[in-house]
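*Asks:* how would this look folded up:
(one chain, ligands or ions: 1)
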Amino acid sequence: MLPVLKSVLTAALLLATPVMAETVKVEATLKADKAGPVINRNIYGQFVEHLGRGVYEGIWVGKDSPIPNTRGIRNDVVAALKHIKVPVVRWPGGCFADDYHWRDGVGPERKPTINSNWNRQIEPNSFGTHEFMDFLSQIDAQPFVSVNVGSGSVKDAQSWMQYMTAEPTTPPGAERARNGQQTPWSVPYVGIGNETWGCGGQMRADDYAYEFRKYAAYVKSSSGKRPFLIAVGPDTDDYAWTETLMKEAAWWRPAATPMMYNIDRPIMDGLSLHFYTLPSNTWQNKGVATQFGEDQWISTMKRALFMDELITKNSAIMDKYDPQKKVALIVDEWGTWYDGGPGGLYQENTLRDALVAAVTLNIFHDHAERVKMANIAQMINVLQAMILTDKDKMILTPTYHVFEMYKVHQDATRIPVNYTAPVYRYGEAEVPMISVSASRDKAGKIHVSVANLDPNRAIALDLILTGVKAKTVTGRTLTAPATDSHNTFTAPNTVTPKPATGVKLKGDTLTANLPAKSVSVFELQ
Ligand code: AHR
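*Replies:* You can find the predicted model right below:
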């Protein structure tokens, strides 16, 4: 063959051959005979605030809307949320909670107010307590209500609790019944304020510890039962706040009469933690939601993984005052937060967000002894949302798909997986390339969730199964062509889970291909 022709053919062949991504081998061992704690289903909780289009349009369209709805609540959103088994929803804020006066949102006369935290948006108050509870009954979730500490009072919080929980034969219950709800609602989770170190009152830790104790003495359901009370915890790594709250507010004072209080139960059932993943780690210039480079991909992963250190260090402080782990750590605001967007904290949600969700949920599983609830910010149209809407249209985000794939872990028992993660590096930054978590559900099925954080290299996983004889394995994988691939109203299925490829059982080993930048969940029976 003529040398020129040979080199042309070689070049053509090279162009036609797809470039094979480098594959890294990882060996891990699943120890199915070693059971850990139960992964509380509430770790899959959501957060909804009156902000942007989170409530209005996202949930509430009104009874007369042409958008199909049930009593004003949009049907498409309800069906999508039911499918991911949302266990609990935190409402009405966020910063909005400490500016919310519940009476504005009940009864036939709803006067608009001004949302002073979020662009002085007009708050129509058409979505109030009754509508929130109706929404929860439609999606089959439980309420986590945040009462107003910043601009409210103990009396307001007490009367709201009575309004929600009293029998209709009592004055507060009769008022609720006149407004359309005969049967008392159950209010299992109550947050005492929100970010009282910031928008919720600019308090010092010891001021808030005092406020918390006071509210805790009066915030009860009308039967006298105390709900699970959640105190405002630290902003990110403010460990001094955690220390003060645990020292000053977790337990009843020694002088409290045992006749009145169960002193074995802490006053504080949960301490919250707020942590947002900003690619750049600065609030002034957070980083963009799409069209980012690999530098922002890895910095986002690194920041998301910081959740592990935050929980570890906060738990160590909590252990000092509560070695029996009676006080839960409740991560009631977490997720990505980017610059810009058309207002109201609306942001695109890409494959990168899916990876953040997967590694964060795996971290919560790792800390299931202490972390009993988490609420991603926020459910619809705000920050790291499950769902985006554009008037009558709705799309599911990559984050939604992770919550859908991971729902199998809800209330399952964690099983240890041992592995050494290879390193993924870009520039100066490095993170573990893989994150793995496993659990056994009540029917005995084992689920293994795995994230490959490297956007360039695939993983050939060998998962050695000990303590179990599995007969079948199936799996699904979420990945997409680009790190910023996302679903749009015209292309809603760009990032959706597909059957996993190359997954099989070889004796006692599960082998699987984990594509670069992917999330997979495998089921073993
Ligand atoms: O989720 C948006 C805001 O972030 C919340 O209102 C506030 O609690 C936090 O700072």
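*Asks:* Can you give me the pLDDT of residue 256?
*Replies:* Looking at residue 256, its pLDDT stands at 61.
*Asks:* do residue 429 as well
*Replies:* pLDDT recorded at residue 429 is 97.
*Asks:* Tell me the secondary structure of the residue nearest to it when sequence neighbours are not counted, please.
*Replies:* Using CB to CB, 6 or more residues apart in numbering and skipping residues adjacent in sequence, the residue nearest residue 429 is residue 298, 4.6 Å away. For every residue, glycine as well, the C-beta is placed using N, CA and C. At residue 298, secondary structure determined by DSSP: H, G, I helix; E, B strand; the rest coil is helix.
*Asks:* Now do the contacts for residue 298.
*Replies:* The contact partners of residue 298, by CB atoms under 8 Å, 6 or more residues apart in numbering, come to 424-427, 429-431.
*Asks:* got the phi/psi numbers for the residue in the stretch 301-450 of the chain positioned nearest to the ligand?
*Replies:* Using CB to the nearest ligand atom, the single residue of the stretch 301-450 of the chain nearest to the ligand is residue 377, 4.2 Å away. Per-residue torsions, residue 377: phi -100, psi 120 (degrees, to the nearest 10).
*Asks:* Can you verify my assumption that it contacts residue 399?
*Replies:* No: assessed by CB atoms under 8 Å, residue 377 is found out of contact with residue 399, at 11.1 Å.
*Asks:* On the pLDDT front, check the residue nearest to residue 429 for me.
*Replies:* Residue 298 is assigned 98 on the pLDDT scale.
*Asks:* Please determine how far it is located from the ligand.
*Replies:* Between residue 298 and the ligand the computed distance is 25 Å (CB to the nearest ligand atom, to the nearest Å).
*Asks:* Could you do residue 271 as well?
*Replies:* 15 Å.
*Asks:* what's the answer for residue 452, then?
*Replies:* Distance, residue 452 to the ligand, using CB to the nearest ligand atom: 29 Å.
*Asks:* Just give me the neighbour total for that residue.
*Replies:* 27 (other CB atoms under 10 Å).
*Asks:* Pull up the overlap in contacts between residue 377 and residue 399.
*Replies:* 335, 384.
*Asks:* dump the residue contacts of residue 424.
*Replies:* With contact taken as CB under 8 Å, 6+ apart, residue 424 is in contact with 298, 301, 430-433, 453-454, 457.
*Asks:* Now do the SS call for it.
*Replies:* strand.
*Asks:* Look up the residues forming beta bridges with it.
*Replies:* Beta bridges link residue 424 to residue 431 when assigned by DSSP bridges.
*Asks:* if we can go back for a sec, buried ones from the contacts of residue 424, can you make that a ChimeraX selection?
*Replies:* Applied in ChimeraX, the following selects the buried portion of the contacts of residue 424 according to 16 or more other CB atoms under 10 Å:
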select :298,301,431,432,433,453,454,457
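*Asks:* what about the strand or helix carrying residue 354, distance to the chain center?
*Replies:* Assigned by DSSP states H and E, residue 354 belongs to helix 351-366. Mean-position distance between helix 351-366 and its chain equals 9 Å (CA atoms, centre = their mean, to the nearest Å).
*Asks:* Near the residue of the chain found nearest the ligand, how many other residues are there?
*Replies:* Per CB to the nearest ligand atom, residue 94 is where the chain lies closest to the ligand, at 2.8 Å. Look at residue 94: counted by other CB under 10 Å, it has 29 neighbours.
*Asks:* Settle this for me: it is touching residue 52, isn't it.
*Replies:* No: using CB under 8 Å, residue 94 is not in contact with residue 52; the gap is 11.1 Å.
*Asks:* Please list the residues of this protein that sit near the ligand.
*Replies:* 49, 93-95, 194-195, 333, 377-378, 383 (CB under 6 Å from any ligand atom).
*Asks:* how long is stretch 265-283 end to end?
*Replies:* With CA to CA, to the nearest Å as the measure, stretch 265-283 spans 38 Å from end to end.
*Asks:* for it, what is the average pLDDT?
*Replies:* Stretch 265-283 carries an average pLDDT of 96.
*Asks:* how about that stretch: buried residues?
*Replies:* Those would be 266-280, for stretch 265-283 by 16+ other CB under 10 Å.
*Asks:* Give me the subset of the residues you listed lying in strands.
*Replies:* Using DSSP state E, 270-277 are the members of the buried residues of stretch 265-283 that sit in strands.
*Asks:* Redo the residues you listed as TSV? Include distance to residue 508.
*Replies:* Listed next are those as TSV, based on distance: CB to CB, whole Å:
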residue	distance to residue 508
270	40
271	42
272	42
273	39
274	43
275	39
276	42
277	37
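*Asks:* what bridges to residue 396?
*Replies:* residue 387.
*Asks:* any idea how far it is from residue 321?
*Replies:* Remark: distance between residue 396 and residue 321 (CB to CB, to the nearest Å) = 42 Å.
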